[in-house]
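# A structural model of the following input is requested.
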Amino acid sequence: MTTSKKTDKLRDNVQRITDRPSAKVLIVGGGINGIATFRDLALQGVDVVLVERNDYASGASAASSHMIHGGIRYLENGEFRLVRESVEERNGLIKIAPHYVKPLQTTMPIFSTFSGLLNAPLRMLTHKQRSTKERGAVLIKVGMTLYDSFSRDGGTVPRHKFRTRKAALADMPALNKNLKYTGTYYDASVHEPERLALDVLKDGLAAGDHARSANYVEAIGTRDGGVLLRDVVTGTEFVVTADVVINASGPWTDLTNQFLGAGTQYMGGTKGSHIVVDSPELLEATNGREIFFENNDGRIVLIYPLKGRVLIGTTDLEADMNEPAVCTEEEVDYFFDLVKHVYPDIALDRGHIVYRYSGVRPLPKHDDLAAGFVSRDYRIVETEVPALPTSKVLSLVGGKWTTFRALSAHLSTEATTRLGVARTVDTAGMAIGGGKGFPTTPSARTTWVAAHADGLDSDTVDRLLTRYGTRAESVIETLLDQPSEPLHSDRELTSAEIAYFADHEDAVHLEDVVLRRTNLAFVGGVTIELLTEIAEHLGAALGWTSDERDAEVESTIEVLRTAHGVEVASQHVPASSPVTASAPAATPAS
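The predicted structure follows:
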């Protein structure tokens, strides 16, 4: 890792913390829930520090199904509070983050009428795996009607619609001809989850100098009554003291507490994997909708068109936090089987896979409870840490993308209560980052693009608006203030944007750019030529030597191979279809 020219500037984030190594609140963990809590506390004027051991939103937050959903399946588990909160937050995020969160039409294929009806109450009461293989139309109809009842927010999303076999196949002719009904309802998708997390972080930092954060800083222990931290980039160790320490490490919460000297056993996360396939036939068959259904093993799975590709997931397997989570070949076979169940005439093989990923859900310890029945709700536990006698330590157990705003308000309240101060700012209804003033109609979008196209062509401005929301204004200023040329390997990404990732978005490594600042890897758009070109521009911004630049390329190739099943090839190898840094999503909300 380099510590040269521009990286010294980037590590100013760390310097800001070491210059004043104390805070009212220290948050350990820069996933979406830690970041959102940072934003909430910063908006209250609380002196708050956030540290993340890797890149922001690179752990569990990077392994999501790209869904913002109310959790229709949680109804059968009896988690009505969670469903209500999730639906309210889904509707709210559509309004406050419209640049990334969009309504998504979802269709459930149904193969029986009464199946599961007698078992559902037993399932709710005992959380035991039921004997029937799928839910029937009656049970699903009841669930969708109940689900609609939780969404009373002025028609944010339409109500559900049922179709019989003939109408269903006319609507989506590639579906399995043996189905009896389909049920269609709306949830929402998040097209750029990692970029949304960055937006939330920037909101917190913009609140003032009392809000400080740094990625690539890990908590490694305690010293002198404070938390001992290490800058992963430079190796520098330092201590930060805080009145409240929030452990928002997600599935690693127990491991973080162990470093702090507390032997907790709060967590019992399960592994979820996904694959992304480039199949024009499957993409067309989805008709722009998520296909959401129950496989014959009782797992809820999805087939979801996104960014010109199709996302398929997810599994729900026991996880070992001491081992890296990777998508296995057995899971790939499982995904192919479930696609065959819904679309029996569409053939998929491993040649269609452009990306795969896996992560561990931050679920509570569940002992013998089947993974699919573990609550997706969250709780906050005050944890005794003898080595931090003057600090209150709060451990977050659980949490998911959909409820990050409500969770952060709850966790912020717990922290401020212990500080003896009141929350004065309510984040409900407050626009997030590039969602502020985002044009949500075609005419408004045309007007916005025209107003910001001075010096740039309209297509470029429109593309930047998609990628950054209205924060594109600052990116446009960057493009106009310095030399900026489209990359040879991807004309929709520019040299000035690469520098922007380093100067304004804390990119430290090449993989930060290809995995999280863009969706290049997700859509299968990474080539050796592109990695080399991005590394040249990122290295210029960060002051890398030629050896450091080459090492970053090799490291990123290895990460793509081992964690994502991607063998990076030359750009000159024919591909099934072109990909870009911001390939258009293939959903109605794109």
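# CA atoms for contacts and neighbours, from now on please.
OK.
# show me what the helix or strand hosting residue 146 is packed against.
Taking DSSP states H and E as the criterion, residue 146 maps to helix 137-149. Counting contacts by 3 or more C-alpha pairs under 8 Å, 6 or more residues apart in numbering; DSSP states H and E, helix 137-149 packs against strand 181-190.
# note down every partner strand of the strand it packs on and its orientation.
Within its sheet, strand 181-190 is paired with strand 67-68 (antiparallel), strand 101-110 (antiparallel), strand 161-164 (antiparallel), according to DSSP bridges.
# which other residues reach that strand?
Residues from elsewhere that reach strand 181-190, judged by C-alpha atoms under 8 Å, 6 or more residues apart in numbering: 66-70, 90, 94, 100-111, 137, 140-141, 144, 157-165, 168.
# PyMOL command for the buried members of those?
What follows is the PyMOL syntax for the buried subset of the contacts of strand 181-190, where burial is set by 16 or more other C-alpha atoms under 10 Å:
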select buried, resi 66+67+68+69+70+90+94+100+101+102+103+104+105+106+107+108+109+110+111+137+140+141+144+157+160+162+163+165+168
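# still on that earlier bit, centre of the chain to the helix holding residue 146, how far?
28 Å (C-alpha atoms, centre = their mean, to the nearest Å).
# tell me which element the residue of the chain positioned farthest from its centre is part of?
In the chain, residue 166 marks the outermost C-alpha relative to the chain mean, sitting 37.1 Å out by C-alpha atoms, centre = their mean. Take DSSP H and E as the rule and residue 166 turns out to sit in helix 165-171.
# any idea of the mean pLDDT in the longest helix out of those in the chain?
Using DSSP state H, we find that the single longest helix of the chain is helix 546-564. The average pLDDT within helix 546-564 is 97.
# now swap in stretch 255-265 and tell me
On average, stretch 255-265 scores 96.
# ok, and what's touching that stretch?
Against stretch 255-265 from outside (C-alpha under 8 Å, 6+ apart): 219-222, 227, 247, 249, 254, 365, 383-387.
# how about those residues in TSV, adding neighbour count?
Formatted as TSV, those follow (neighbours: other C-alpha atoms under 10 Å):
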residue	neighbour count
219	23
220	17
221	18
222	19
227	24
247	24
249	26
254	22
365	17
383	17
384	17
385	18
386	12
387	17
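# the longest helix of the chain - contacts with which helices or strands?
If you count contacts as 3+ C-alpha pairs under 8 Å, 6+ apart, helix 546-564 packs onto strand 353-360, helix 510-512, helix 528-542.
# repeat that for 6 Å
strand 353-360 (3 or more C-alpha pairs under 6 Å, 6 or more residues apart in numbering; DSSP states H and E).
# sheet-wise, list the partners of the strand it packs on with their directions.
In the sheet, strand 353-360 lines up against strand 270-277 (antiparallel) (DSSP bridges).
# residue 459: neighbour count?
12 (other C-alpha atoms under 10 Å).
# what lies in contact with the helix or strand containing it?
When elements are assigned from DSSP H and E, residue 459 belongs to helix 458-468. With contact meaning C-alpha atoms under 6 Å, 6 or more residues apart in numbering, helix 458-468 is reached by 449, 472.
# isn't residue 378 right next to residue 399, touching?
Yes - here residue 378 reaches residue 399: they are 5.0 Å apart, a contact under C-alpha atoms under 6 Å.
# neighbour count for these two, which is higher?
A side-by-side neighbour count of residue 378 and residue 399, using other C-alpha under 10 Å, places residue 399 first with 23 against 17.
# and that one, backbone torsions?
The phi/psi pair for residue 399 (degrees, to the nearest 10) reads phi 110, psi 150.
# could you shift the numbering so residue one becomes 32, and keep it that way?
Sounds good: first residue 32 from here, last item residue 430.
# tell me the pLDDT at it?
If you check residue 430, the pLDDT there is 92.
# returning to what we had before: so for the helix holding residue 177, mean pLDDT?
On average, helix 168-180 scores 80.
# so that helix versus strand 212-221, what angle?
40 degrees (axes from the mean of the first three to the mean of the last three C-alpha atoms, to 10 degrees).
# ok, residue 302 - contacts?
Shown in contact with residue 302 (C-alpha under 6 Å, 6+ apart): 347-350, 390-391.
# can you report how many residues neighbour residue 166?
That count, for residue 166 with other C-alpha under 10 Å as the rule, works out to 23.
# mind checking the SS state of it?
coil (DSSP: H, G, I helix; E, B strand; the rest coil).
# where do the helices sit along the stretch 32-181 of the chain?
In the stretch 32-181 of the chain, the helices defined using DSSP state H, counting those that start in this stretch lie at 36-41, 43-50, 63-74, 111-127, 150-157, 168-180.
# adding distance to residue 477, write these out as JSON lines.
Output for these, formatted as JSON lines (distance: least, C-alpha to C-alpha, whole Å):
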{"stretch": "helix 36-41", "distance to residue 477": "36"}
{"stretch": "helix 43-50", "distance to residue 477": "38"}
{"stretch": "helix 63-74", "distance to residue 477": "31"}
{"stretch": "helix 111-127", "distance to residue 477": "20"}
{"stretch": "helix 150-157", "distance to residue 477": "49"}
{"stretch": "helix 168-180", "distance to residue 477": "34"}
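# tell me which of those helices sits most buried.
Comparing the helices of the stretch 32-181 of the chain by mean neighbour count (mean count of other C-alpha atoms under 10 Å), helix 63-74 comes out on top with a mean of 29.
# which outside residues touch that helix?
Contacts for helix 63-74 (C-alpha under 6 Å, 6+ apart): 228, 232, 235, 238, 242, 279, 435, 439, 443.
# and the third one, what does it touch?
The neighbours of residue 235, taking C-alpha under 6 Å, 6+ apart as the test, are 70, 73.
# quick one: it from residue 78, how far?
Applying C-alpha to C-alpha, to the nearest Å, the value for residue 235 to residue 78 is 11 Å.
# now swap in the fifth one and tell me
Taking C-alpha to C-alpha as the measure, residue 242 and residue 78 are separated by 6 Å.
# with neighbour numbers in mind, choose between the two.
residue 242 (25 against 19).
# state the pLDDT value of that one.
pLDDT at residue 242 comes out at 98.
# okay, now residue 361: neighbour count?
The number of residues packed near residue 361 is 8, by other C-alpha under 10 Å.
# which strands and helices lie in contact with whatever helix or strand it lives in?
Secondary structure assignment for residue 361, by DSSP H and E: helix 360-373. Helix 360-373 is packed against no helix or strand, with contacts defined by 3+ C-alpha pairs under 6 Å, 6+ apart.
# at 8 Å what do you get?
strand 301-308.
# by mean pLDDT, flag the weakest helix or strand of this protein.
Least confident helix or strand of the chain, by mean pLDDT, DSSP states H and E, is helix 36-41 with a mean of 45.
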